[in-house]
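[1] this one's structure only:
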């Protein structure tokens, strides 16, 4: 069973920040938060992961609450190419990736 | 290296036929994973290999499914006696060790059983 809950869908205006929430209230101390996305007709793409601290890379930022029970993926300037399904998942370093239903993000012109 | 390659991209087969899919991972990745995805759902884990050893199989992987990675490089997934319920996207991914820094997925093979 998925250990995370995400809203099924969200909209975001092009050029604005997209903030995608994820709840993982049962996360264990050794589990990381991961985000992947899947653009239509392609395989999933790794975006970012984190344990406790906030993380940033060239694609996105990951904000994890202090209690680690929730997180937010931020796409700072959403473009039409960011329209995709975004998957939040938690796992230890040795677990396999298990996907839930994700959030379908639509970036609107 | 151009990433994870899957072949074919699309396969249409008649019910009862056998099909085989191939996955070529990133060359330095020692782990290889197979997932299945149906419309509107997230990918479901099927099985994974570390080098040539198959370390885990999901209960979704019925006896009609078999996967191999004979030399620890490319992998094949065979479905025998296909059923309409096997129609799905079959995704392959690879990672270096446990994939702490993410899996790299291929574009998948879309199977349609008619």
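    Perfect, thanks for sending it. These numbers come from a predicted model, not from an experiment.
[2] Now stretch B:101-114: buried residues?
    Neighbour counts over stretch B:101-114 (16 or more other Cβ atoms under 10 Å in any protein chain shown) mark B:102-111, B:113 as buried. C-beta here means a position set from N, CA and C on the backbone, and glycine is covered the same way.
[3] same deal with stretch B:45-53?
    Neighbour counts over stretch B:45-53 (16+ other Cβ under 10 Å) mark B:45-50 as buried.
[4] Run through who's touching it.
    With contact meaning Cβ atoms under 8 Å, 6 or more residues apart in numbering or on different chains, stretch B:45-53 is reached by A:96-98, B:30-36, B:54-58, B:60-61, B:65, B:67, B:69-72, B:75, B:77.
[5] isn't residue A:22 right next to residue A:71, touching?
    Yes - proximity of residue A:22 to residue A:71 meets the contact threshold set by Cβ atoms under 8 Å, at 5.1 Å.
[6] for chain B, which spans come out with low pLDDT?
    B:1 (pLDDT under 70).
[7] try 90
    Counting by pLDDT under 90, chain B has low-confidence residues at B:1-2, B:40, B:60-61, B:71-72, B:97-101.
[8] okay, which residue is most central for it?
    The centre of chain B sits closest to residue B:34, judged by Cα atoms, centre = their mean, with a distance of 3.4 Å.
[9] Using the three-state scheme, assign the closest residue to that residue other than its chain neighbours.
    Among residues not flanking residue B:34 along the chain, residue B:46 sits closest, at 4.3 Å (Cβ to Cβ, 6 or more residues apart in numbering or on different chains). Secondary structure assignment for residue B:46 (DSSP: H, G, I helix; E, B strand; the rest coil): strand.
[10] what do you get for residue B:94?
    strand.
[11] got the contact list for residue 93?
    In the absence of a named chain, this looks at chain A. Residue A:93 touches A:30, A:32, B:98, B:100, counting by Cβ under 8 Å, 6+ apart.
[12] Chain B was what I was after
    Residues near residue B:93 by Cβ under 8 Å, 6+ apart: A:43-44, A:97, B:4, B:25, B:32-33, B:35, B:103-106.
[13] Flag every residue of chain A that's near chain B.
    Counting by Cβ under 8 Å from any Cβ of the partner chain, chain A comes close to chain B at A:32, A:34, A:36, A:41-46, A:49, A:85, A:87, A:93-94, A:96-102.
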